[in-house]
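Visitor: Below: sequence and its predicted model.
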Amino acid sequence: MTVETMTPHTDLLSALGIEALNRGAFCGEWLPTKGPEVVSIDPSTGLEIGRVTTATAEDYERVVSVTVEAFKEWRTWPAPRRGEIVRLVAEELRKHKDELGRLVTLEMGKILSEGLGEVQEMIDMADFSVGLSRQLYGLSMHSERAEHRMYEQWHPLGPVGIISAFNFPVAVWSWNAFVAAVCGDSMIWKPSEKTPLTAVAVTHIAGRVLAENDAPPIFNLLVGDRHQVGEPLTHDKRMPLVSATGSTNMGRAVGQAVAKRLGRSLLELGGNNAIVVMDDADLDLALRAVLFGAVGTAGQRCTSTRRLFLQKGIAQEMKDRLVAAYGSISIGDPMDPAILMGPLVDKRAVDDMMGALDKVREQGGRVLYGGNAKSDRGGFFVEPTLVEATPDMPITCDETFAPILYLFEFETLDEAIERHNAVPQGLSSAIFTLNMRSAERFLAAGGSDCGIANVNIGTSGAEIGGAFGGEKETGGGREAGSDSWKAYMRRQTCTLNYGDELPLAQGVEFKV
Ligand code: NAD
């Protein structure tokens, strides 16, 4: 790949200790990788930031076998001691929050406040996991047989494959990695090829903490594309769990490959998230939530707001206010604190957005605001876009990973819920209303069919304490808080007989 000029980011990379670390395979040591280079590009300029050599088949084998061996030792460490290692990783992340947040912004293009927020999310996940390391509870049951005790316990599962997407280049790793670590698993991270440097930086930090504390190499890395790393991981029987975050197409391939070998997959895939605004809503609140949801991260969150349902009484007012607000969004260098919207990740993302807008026009949609790529500068900038749409437009059922917001009008809540649910994805959803009955109906069994449903809060910006994930083509996985940890462990049901009889369950007699 030829890229014009090298931008000088050596200070940032050297503050993270990775200025000369251009290798894409780690298993307690950085392997001398010789696979083709991936070039990391700054999406706000289109210029190269750095290069990483990808893993070869030989590197793959080495990293997997080290990860398998590391698991055998790590699973014997008491869970609270494993939590202590995660706590120490979090200490290092706190020290490097600023540089790491900047690197996220540089490589992915989200504004600095969000880059820093992403590192904070890692720290929060670590803190959560440290507490969890003392709470991996199993249940005990009353046995139907006399002098028997019955309970379940949770054991470490094994090496975990973590495939992550470009848009949350570090937080998604931490959702999986810190929980898996306290659960006693070792892991291999396959980051997006678009964000290899953040993955190298995080692995460098976590690997150093392991080495300094004589812990086995559980936080390992393989940089490469789906052929070099992604598919081998999904087919590898040594990986009992593959957790994959990305597009629905990717999840379909991963889910099928892992199911074929009867492994477990945890899928976090695309969303097509909507906000319903009722006539009685607090419109100031709704407007702010829609702006953050639709324009934040330049529409590149899995939870970005892509559809807006407006009840007839407030529809025109909200449209007018949205057009005015879109006109005041500052677009530009994501490192500049005055900027609200940075670039899309690459040229292909810009082309995909323009292709979707061609379909919008063909299908009868009307662009109310925006609709263009910004050709007056380098990088991959676009205008945030508002489209007046109708429910029969097939494009509104697709997730276009860009800041396009489809506006629909509706009359009754039933109608809004039905249309809200009429897409293949089921990740995040929200209603704005001050009416308690409307709110409860949206959250009830016949309401939103998504994994996340909010009232008077937008679709994006979830807290880590809840289980995160969605239904239908979003894949059904749950990560981060609540009891998501169970996906990273194996459950064992134990029955112990302390008597001198051998009664059988269900009263079955078998006397010889
Ligand atoms: P992508 O699907 O192109 O790539 C994601 C990862 O999967 C990359 O590491 C890629 O190399 C790998 N991959 C692709 N095909 C593969 C295969 N067949 N086998 C194994 N690995 C494969 O996604 P992206 O463009 O990086 O990210 C954007 C997508 O991710 C959006 O659809 C977004 O909604 C989704 N996403 C979902 C969540 C969630 O939690 N639900 C979070 C973040 C992003």
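Guide: Structure received.

Visitor: Now stretch 379-397: buried residues?
Guide: Using 16 or more other C-beta atoms under 10 Å as the test for burial, stretch 379-397 gives 379-389, 393, 395-396. The C-beta positions use only the backbone N, C-alpha and C, and glycine is treated the same way.

Visitor: With distance to the ligand and secondary structure as extra columns, can I get these in JSON lines?
Guide: What follows is those, written out as JSON lines (distance: C-beta to the nearest ligand atom, whole Å; DSSP: H, G, I helix; E, B strand; the rest coil):
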{"residue": "Gly379", "distance to the ligand": "18", "secondary structure": "coil"}
{"residue": "Phe380", "distance to the ligand": "14", "secondary structure": "coil"}
{"residue": "Phe381", "distance to the ligand": "18", "secondary structure": "coil"}
{"residue": "Val382", "distance to the ligand": "16", "secondary structure": "strand"}
{"residue": "Glu383", "distance to the ligand": "21", "secondary structure": "coil"}
{"residue": "Pro384", "distance to the ligand": "18", "secondary structure": "coil"}
{"residue": "Thr385", "distance to the ligand": "18", "secondary structure": "strand"}
{"residue": "Leu386", "distance to the ligand": "21", "secondary structure": "strand"}
{"residue": "Val387", "distance to the ligand": "19", "secondary structure": "strand"}
{"residue": "Glu388", "distance to the ligand": "24", "secondary structure": "strand"}
{"residue": "Ala389", "distance to the ligand": "20", "secondary structure": "coil"}
{"residue": "Met393", "distance to the ligand": "20", "secondary structure": "coil"}
{"residue": "Ile395", "distance to the ligand": "16", "secondary structure": "helix"}
{"residue": "Thr396", "distance to the ligand": "16", "secondary structure": "helix"}
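
Visitor: and the two most separated of these?
Guide: Gly379 and Met393 (29.9 Å; C-beta to C-beta).

Visitor: Tell me who's in contact with Ser246.
Guide: No Ser there; residue 246 is Gly. For Gly246, the contacting residues are 163-165, 192, 268-269, taking C-beta atoms under 8 Å, 6 or more residues apart in numbering as the criterion.

Visitor: remind me which residues of the stretch 1-150 of the chain are low pLDDT?
Guide: Scanning the stretch 1-150 of the chain for pLDDT under 70 picks out 1-8.

Visitor: those strands in it, which residues are they?
Guide: For the stretch 1-150 of the chain, the strands identified by DSSP state E, counting those that start in this stretch occupy 25-26, 37-42, 47-53, 140-141, 148-156, in order along the chain.

Visitor: winner for burial among those strands?
Guide: Compared across the strands of the stretch 1-150 of the chain, strand 25-26 shows the largest average neighbour count, a mean of 28 (mean count of other C-beta atoms under 10 Å).

Visitor: so what does that one touch, helix or strand wise?
Guide: Using 3 or more C-beta pairs under 8 Å, 6 or more residues apart in numbering; DSSP states H and E as the contact test, the elements touching strand 25-26 are helix 57-74, helix 196-212, strand 219-222.

Visitor: how about the residues of the chain near the ligand?
Guide: Contact residues, the chain versus the ligand (C-beta under 6 Å from any ligand atom): 163-168, 172, 190, 192-193, 225-226, 230-231, 234, 245-247, 250, 253-254, 268-271, 302, 399, 401, 427, 474.

Visitor: Put the buried members of these into a ChimeraX selection.
Guide: For the buried members of the residues of the chain next to the ligand, the matching ChimeraX selection, counting by 16+ other C-beta under 10 Å, is:
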select :163,164,165,166,167,168,172,190,192,193,226,230,234,245,246,247,250,253,254,268,269,270,271,302,399,401,427,474
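
Visitor: any idea of the pLDDT on Ala177?
Guide: According to the model's per-residue confidence, Ala177 sits at a pLDDT of 98.

Visitor: burial count for it?
Guide: 30 (other C-beta atoms under 10 Å).

Visitor: my hunch is that it is in a helix, does that hold up?
Guide: Yes - using DSSP: H, G, I helix; E, B strand; the rest coil, the assignment for Ala177 is a helix.

Visitor: quick one, what contacts it?
Guide: The neighbours of Ala177, taking C-beta under 8 Å, 6+ apart as the test, are 162, 187, 189, 206, 219.

Visitor: Can you name the two of the residues you listed that sit furthest apart?
Guide: Among the contacts of Ala177, the pair separated by the greatest distance (C-beta to C-beta) is Ile162 and Ala206, at 12.3 Å.

Visitor: From Thr495, how far out is the closest residue to Cys397 other than its chain neighbours?
Guide: Leaving aside its chain neighbours, Cys397 sits nearest to Val423 (4.8 Å; criterion: C-beta to C-beta, 6 or more residues apart in numbering). Counting by C-beta to C-beta, to the nearest Å, the separation of Val423 from Thr495 is 46 Å.

Visitor: Quick check: Ala505 touching Glu144?
Guide: Yes - using C-beta atoms under 8 Å, Ala505 is in contact with Glu144, at 6.4 Å.

Visitor: Where do the helices of the stretch 51-200 of the chain begin and end?
Guide: Taking DSSP state H, counting those that start in this stretch as the criterion, the stretch 51-200 of the chain carries its helices at 57-74, 79-95, 97-108, 112-132, 171-183, 196-212.
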